[in-house]
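Model the following, please.
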Amino acid sequence: MTPLSRCRYIPALAIAMLAAAAGHTDGFRPEPLGQVESLPAVYPDHWLVLHDATFFHMREGRFLFVDPTADTVSGQLRGMVSADFIAHYEQSPARREHYVIESFFSRGGRGGDRTDVVTVYDAASLEVAGEIVIPPKKVSSMPEIFGTALVAGDRLLVVYNFAPGQSITVVDLEKREFVAEYPISGCALVIPTGESGVTSLCSDGSLLTTVLTAEGELAGSHRSEPFMDADDPMFEKAAIIDGTAYFPTFMGNVIPVDLSGEAPAPGEPWSLLSAEERASGWRPGGWQLVASDRSGRFYVLMNPEGKEGSHKDGGSEVWVFDVGAGQRVARIPLPNWGISIAVNSAEQPLLVATNGGFALETYDATSGDFIKTLAVQTQTVFVTRGMRR
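Here you go, the predicted model:
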């Protein structure tokens, strides 16, 4: 068995000791203690990052690094880092580091003084390489990919705060220090924009972009005109393809927003649905309901029984679109109801769907064929994602 990075196999020794005490030692070969293995400094394209938010005991969350092509738990589970209290996560292959943004309380489950930190992990050893204390304001919500952002060539980490005032925290990852906090009143989340900016979604239907210098100082801001339709709300989830974010709406439309420049530029909406599909009740839905692959295809989790309030319910199919043409190119039926999807970064992409029982099912993203259910088991996986390149 290949040891999980940074873990010792004490349970195997404990079982062997109990067996020896009972006079039954045949077949028990305890593994040696102290074995430590390293991961590759840059992970393979086909690996996944899974967020086990441990919904019923959120102080014990974790992020798992998984090889979905392996068949056994020991083959699939390549490494793990802890993630206290529904933490946020970022990775930088260029810096060969993971960043876990988490909260700690001096009295544990009973509260007390709160400390928020960015914990820096070395990607190969999964050793803690640093800890940066930040204002105790990071949003404590269900996992959000856009709760954090890496900008300025991965030098700056930006964290969305909700305490309940809304602001962003900027961290310099080279200097390992907190830089500043900037207000974004009435706006939420941080989506990478241009070279060193982040865009937030605002309550009046507009976008606010905060532009930073390479050192994390405030360089300016841009506010778009309101463009979101209250009668067809836009999901805060988006897949970013070639610098454009594609946001699905509750009613089955897509709003493209060009984020490649300093200021965002919303484009013309287009429909995921034909007139017949719209009339029959198809709508997008799920927790992490969109994804993209390295060729630029757009994946959306779809519910055939969509209705008012069904936007978090998940769906029975994944629809795949060519965003350039605004046309569907594939439908992938799921044998079990899906609540979250992701696609890895491999040349031959793999689609992963989290089902209602929080098992992880894999599919060939090109053919749509079901491959297998992963042996790795987690309590509550809300976000799955491919390795960032």
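
got a pLDDT number for the closest residue to Pro93 other than its chain neighbours?
Of all residues not flanking Pro93 in the chain, Val42 sits nearest, at 5.3 Å (Cβ to Cβ, 6 or more residues apart in numbering). Any C-beta I mention is one placed from the backbone N, CA and C, and that applies to glycine too. pLDDT recorded at Val42 is 88.

With Gly261 instead?
For Gly261, pLDDT reads 95.

For it, grab phi and psi.
phi -100, psi -170 (degrees, to the nearest 10).

okay, now it: neighbour count?
14 (other Cβ atoms under 10 Å).

number of nearby residues for the residue nearest to it when sequence neighbours are not counted?
Leaving aside its chain neighbours, Gly261 sits nearest to Gly194 (5.6 Å; criterion: Cβ to Cβ, 6+ apart). Neighbour count of Gly194, defined by other Cβ under 10 Å: 20.

go on, the one 4 residues further on?
Neighbours of Val198 under the rule other Cβ under 10 Å: 29.

Am I right that it sits in a strand?
Yes - checked against DSSP: H, G, I helix; E, B strand; the rest coil, Val198 lies within a strand.

what about the closest residue to it other than its chain neighbours, which helix or strand?
In space, and not counting its chain neighbours, Val198 is closest to Val190: 4.0 Å by Cβ to Cβ, 6+ apart. Using DSSP states H and E, Val190 maps to strand 187-193.

Tell me which strands that strand pairs with, and in which orientation.
strand 197-202 (antiparallel) (DSSP bridges).

any idea how far Phe358 is from Leu207?
33 Å (Cβ to Cβ, to the nearest Å).

Compare these two (neighbour count), which wins?
It is Leu207, of Leu207 and Phe358, that has more neighbours when counted by other Cβ under 10 Å, with 24 against 16.

burial count for the nearest residue to the more buried one once chain neighbours are set aside?
Leaving out its chain neighbours, the residue that sits closest to Leu207 by Cβ to Cβ, 6+ apart is Ser224, at 4.3 Å. Counted with other Cβ under 10 Å, residues neighbouring Ser224 total 18.

what does Ala188 give?
Using other Cβ under 10 Å, Ala188 is surrounded by 19 other residues.

separation between it and Phe247?
Counting by Cβ to Cβ - Ala188 and Phe247 are separated by 13 Å.

Need the residues touching each of those two.
Both Ala188 and Phe247 are in contact with Glu236, where contact means Cβ atoms under 8 Å, 6 or more residues apart in numbering.

contacting residues for Gly267?
Contacts for Gly267 were tallied using Cβ under 8 Å, 6+ apart; they are Thr244, Ile255, Pro256, Val257, Asp258.

how about CSV for these, with distance to Gln348 added?
Output for these, formatted as CSV (distance: Cβ to Cβ, whole Å):
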residue, distance to Gln348
Thr244, 24
Ile255, 30
Pro256, 27
Val257, 29
Asp258, 29
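
now, which of these lie within strands?
Thr244, Ile255, Pro256, Val257, Asp258 (DSSP state E).

top of those residues by neighbour count?
Of the ones in strands among the contacts of Gly267, with other Cβ under 10 Å as the count, Val257 tops at 23 neighbours.

Any idea what that one is bridged to?
The residues that Val257 bridges to, once DSSP bridges is applied, are Ala245, Pro266.

Make sure it is actually in contact with Pro269.
No - the criterion here is Cβ atoms under 8 Å, and Val257 misses it with Pro269 at 10.6 Å.

rewinding a little: number of nearby residues for the residue nearest to Pro93?
So Val42, with other Cβ under 10 Å, has 13 neighbours.

now do the one 3 residues further on
Other residues within reach of Asp45 by the criterion other Cβ under 10 Å amount to 16.

mind checking how far it is from Thr69?
Per Cβ to Cβ, Asp45 is found 11 Å from Thr69.

quick one, helices of the stretch 51-200 of the chain?
Along the stretch 51-200 of the chain, counting by DSSP state H, counting those that start in this stretch, helices occupy 73-76.

For the stretch 1-150 of the chain, which segments count as strands?
48-52, 61-66, 77-83, 88-92, 97-105, 114-122, 128-134, 148-151 (DSSP state E, counting those that start in this stretch).

by contact count, what packs against the third one?
Contact here means 3 or more Cβ pairs under 8 Å, 6 or more residues apart in numbering; DSSP states H and E; on that basis strand 77-83 packs against strand 61-66, strand 97-105.

How far does that strand sit from its chain's centre?
Centroid displacement of strand 77-83 relative to its chain, using Cα atoms, centre = their mean, to the nearest Å, is 14 Å.

same thing with the second one?
Strand 61-66 sits 11 Å away from the centroid of its parent chain (Cα atoms, centre = their mean).

and it, which strands flank it?
Partners of strand 61-66, by DSSP bridges, with direction: strand 48-52 (antiparallel), strand 77-83 (antiparallel).

and what of the fourth one?
Here the strand partners of strand 88-92, with direction, are listed using DSSP bridges: strand 97-105 (antiparallel).
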